[in-house]
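Asks: Model the following, please.
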Amino acid sequence: MPITPWEVEGDIDYNRLIEEFGTQSIDNHLFSRLKLPLPPPVKRGMCFSHRDLDKWLNAYDNKEKVSVVSGRGPSERMHIGHLTLYAIPKYFQDTYGCTVYIPVSDDEKFYIKEYLNVGDVERFADDNILDILAMGFDPEKTIVHKDFEHTKIYRYASQVAKKITYSTAKAVFGLKPENNIGWVFYPAMQAAHILYPQFIEGSHQTLVPIGIDQDPFMRLTRDIAERFGFQKPAAIHKKLAPGLEGPKMSSSGNNAIWLSDDEDAVASKVHKYAFSGGQPSIKEHREKGGNPDVDVSFLYLKYFFEEDDRKLAQIAQDYRDGSMLTGELKEYFIEKVNNYLKEHRRKREMVEKNIDEYMLRE
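Replies: Numbers count the residues shown, from 1 in each chain. The predicted structure follows:
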């Protein structure tokens, strides 16, 4: 079960990862401290683990400064699986009124993806930024920068790099960074992203929503934070989003619904490729019912598209008892996705007209 920032394979045992990575599960007490209303990824179990989320909440309760960092590596267009992550910083901004920092690591993807040139990553970065901001981030409380443009980040990364040995970076990531020296340096850049709010605003509690595969960066950053007089950044870990065909959303065309897919493409992909928890025949499904817990259409309703808890519970019950067929569940999911994407594109156009309100360029 390889889990690194660049590689995820096989079925993922999240309880095992909590033990191996030394994180903490989000128990009922901590869960009850979160302000309402909670977005689907948080309230329905997609967020399962944390590092010092309790300390971040304590700081907020004590009226101390808090912030959130949620970056993006632009190696491709964005698909609906990506949005499940950005719903989390959006929730903290809306509910706790904090600033959200969105560093875009175009340099990382240039180093690591051999098939990408500088123009590719710059194009993906611009495209990804619009999709993230279209979720409704507040321009007065959102700061976005691209490493290739906001070169001041190098000043902070250099200070970080001086405190990380080569052997430490190699041990934490379990990779072979000898591929190119840019790859060797990148962990310092990522740590600078995580510590960026404290570099520019002073020591305070920051929270980083990430997929569990990105936790090695958090471990490395937390180890050096106090050497700068900073607080160790907190993290909230999200399960990896499912793909249409399997357990993890991938970048292959048929396993992902891209934010640029039109209505016909969405319907075609869901009908042809979305993994079903139903029975082989209608007769058998009516008799035995289906399993919503493995059905991809249901999982995306659960983790992102269906806000109404009662409606979601009714769908699960109807699917389990066989009164809702797989085709009916897929049609409901398709309708939800297409309605969302239509609105998303409208908001994206609005953001594009005002992009300078969000961007740091220096």
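
Asks: all contacts plus neighbour counts: C-alpha atoms, from now on.
Replies: Fine.

Asks: Tell me the helix or strand right after the helix or strand where residue 300 lies.
Replies: In the assignment (DSSP states H and E), residue 300 maps to helix 296-300. Next along the chain after helix 296-300, taking DSSP H and E as the criterion, comes helix 309-320.

Asks: How far off centre is that next one?
Replies: 26 Å (C-alpha atoms, centre = their mean, to the nearest Å).

Asks: So which elements touch whichever helix or strand comes after that helix?
Replies: Remark: after helix 309-320, the chain's next helix or strand is helix 326-353, criterion DSSP H and E. Applying 3 or more C-alpha pairs under 8 Å, 6 or more residues apart in numbering; DSSP states H and E, we find helix 326-353 packed against helix 118-133, helix 263-273, helix 296-300, helix 309-320.

Asks: Now the last one: buried residues?
Replies: Neighbour-count burial for helix 309-320, with 16 or more other C-alpha atoms under 10 Å as criterion, is recorded at 312, 315, 316, 317, 318, 319, 320.

Asks: so residue 225 makes contact with residue 232?
Replies: Yes. Counting by C-alpha atoms under 8 Å, residue 225 touches residue 232, with 5.5 Å between them.

Asks: out of the two, which sits in the busier spot?
Replies: The neighbour count for residue 225 versus residue 232, taken as other C-alpha atoms under 10 Å, is higher for residue 232 (24 against 21).

Asks: Quick check: closest non-adjacent residue to that one.
Replies: residue 222 (5.0 Å; C-alpha to C-alpha, 6 or more residues apart in numbering).

Asks: which other residues reach the helix or strand containing the one you found?
Replies: If you go by DSSP H and E, residue 222 is part of helix 215-225. The contact list for helix 215-225 (C-alpha atoms under 8 Å, 6 or more residues apart in numbering) reads 4-5, 21, 160, 163-164, 169, 172-173, 187, 190-191, 194-195, 231-233, 235.

Asks: ok, now stretch 150-166?
Replies: Under C-alpha under 8 Å, 6+ apart, the answer for stretch 150-166 is 147, 184-185, 188-193, 196, 199, 224, 360-362.

Asks: now do 10 Å
Replies: Residues outside stretch 150-166 that contact it (C-alpha atoms under 10 Å, 6 or more residues apart in numbering): 103-104, 144-148, 169, 171, 177, 184-193, 195-196, 199-200, 220-221, 223-225, 227-228, 359-362.

Asks: Can you give me the neighbour number for residue 107?
Replies: Look at residue 107: counted by other C-alpha under 10 Å, it has 20 neighbours.

Asks: Mind giving me the packing neighbours of whichever strand or helix holds it?
Replies: In this assignment (DSSP H and E), residue 107 forms part of helix 106-112. In this structure, helix 106-112 makes packing contacts with helix 118-133, helix 181-201, judged by 3 or more C-alpha pairs under 10 Å, 6 or more residues apart in numbering; DSSP states H and E.

Asks: To residue 67, which of the ones you listed lies closest?
Replies: For residue 67, the closest of the helices and strands packed on helix 106-112 is helix 181-201, at 7.3 Å, according to C-alpha to C-alpha.

Asks: If you average the pLDDT over whatever helix or strand comes next after the closest one, what comes out?
Replies: The helix or strand immediately downstream of helix 181-201 is strand 205-211, counting by DSSP H and E. In this model, strand 205-211 has an average pLDDT of 96.

Asks: So for strand 205-211, could I get the coordinates as CSV, restricted to C-alpha?
Replies: Output in CSV follows, covering the C-alpha atoms of strand 205-211 (Å, rounded to 0.1, in the frame of the first residue of the first chain):
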residue,chain,number,x,y,z
GLN,A,205,-2.1,28.6,14.5
THR,A,206,-2.4,27.5,10.9
LEU,A,207,-4.5,24.6,9.6
VAL,A,208,-3.7,22.6,6.5
PRO,A,209,-6.4,20.5,4.9
ILE,A,210,-4.7,17.7,2.9
GLY,A,211,-5.1,14.3,1.5
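
Asks: That one pairs with which strands, parallel or anti?
Replies: In the sheet, strand 205-211 lines up against strand 66-69 (parallel), strand 234-238 (parallel) (DSSP bridges).

Asks: can you tell me which of the ones you listed comes nearest to residue 291?
Replies: Among the strands paired with strand 205-211, the nearest to residue 291 by C-alpha to C-alpha is strand 234-238 (22.7 Å).

Asks: Report the distance from the closest one to the chain centre.
Replies: Centre-to-centre, strand 234-238 and its host chain are 10 Å apart (C-alpha atoms, centre = their mean).
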